[in-house]
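Engineer: Sequence unavailable; structure follows:
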Ligand code: SME
């Protein structure tokens, strides 16, 4: 039997994030971002973008460096495509996806999960991975649950 970094307890993580969210306060988004970044080795850069008009605007984030993409038009990049469709985007190899907007030299894969309120996309969780194919169906299910928990915390 081999142990991998995939041996993450997603159910436990959901309960911890529920606890963060239920404590409330202005810093909920940052606390959730920090939790995801710090507890999941594959989540190298974690950010929340919120919709403002026809743009995505970067909110809380944690990672090795800041991104130049602090404002992304809906429809542009992997982030903008997910915001336009309301569907999660999983990119196993960013070098093969022409939509990808490069932020960091180490990024190899990416997942973008829309935050949806009353049928409208109000933001999204964007996570960069530093290995190929870092995000599987369990990550997607987990992060879609996290996105639901963040719905009430748009500042
Ligand atoms: N890679 C994203 C842009 C945001 S950075 O990853 C933080 C995209 O293609 O939309």
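Structural biologist: Received it, and whenever you're ready, just let me know what you need. As the structure is a computational prediction, the values presented were derived from the model and not from experiment.

Engineer: Am I right that residue 123 sits in a helix?
Structural biologist: No: under the criterion used here (DSSP: H, G, I helix; E, B strand; the rest coil), residue 123 is strand, not part of a helix.

Engineer: Let me know the average pLDDT across the helix or strand hosting residue 13.
Structural biologist: Following DSSP states H and E, the helix or strand that holds residue 13 is helix 10-23. Along helix 10-23, the predicted confidence averages to a pLDDT of 96.

Engineer: go on, stretch 129-145?
Structural biologist: 98.

Engineer: Tell me the buried residues in stretch 108-119?
Structural biologist: By neighbour count, and taking 16 or more other CB atoms under 10 Å as the criterion, the buried residues in stretch 108-119 are 108, 109, 110, 111, 112, 113, 114, 115, 116. All C-beta atoms are positioned from the backbone trio N, CA, C, and that covers glycine.

Engineer: Then stretch 40-51?
Structural biologist: Using 16+ other CB under 10 Å as the test for burial, stretch 40-51 gives 40, 42, 43, 44, 45, 46, 47, 48, 49, 50, 51.

Engineer: who touches the residue in the chain positioned nearest to the ligand in this structure?
Structural biologist: With CB to the nearest ligand atom as the measure, residue 77 is the residue of the chain nearest to the ligand, at 2.6 Å. For residue 77, the set of contacting residues under the criterion of CB atoms under 8 Å, 6 or more residues apart in numbering consists of 69, 99, 100, 101.

Engineer: Which parts of the chain are helices?
Structural biologist: All helices of the chain, identified by DSSP state H, fall at 10-23, 28-39, 77-85, 137-150.
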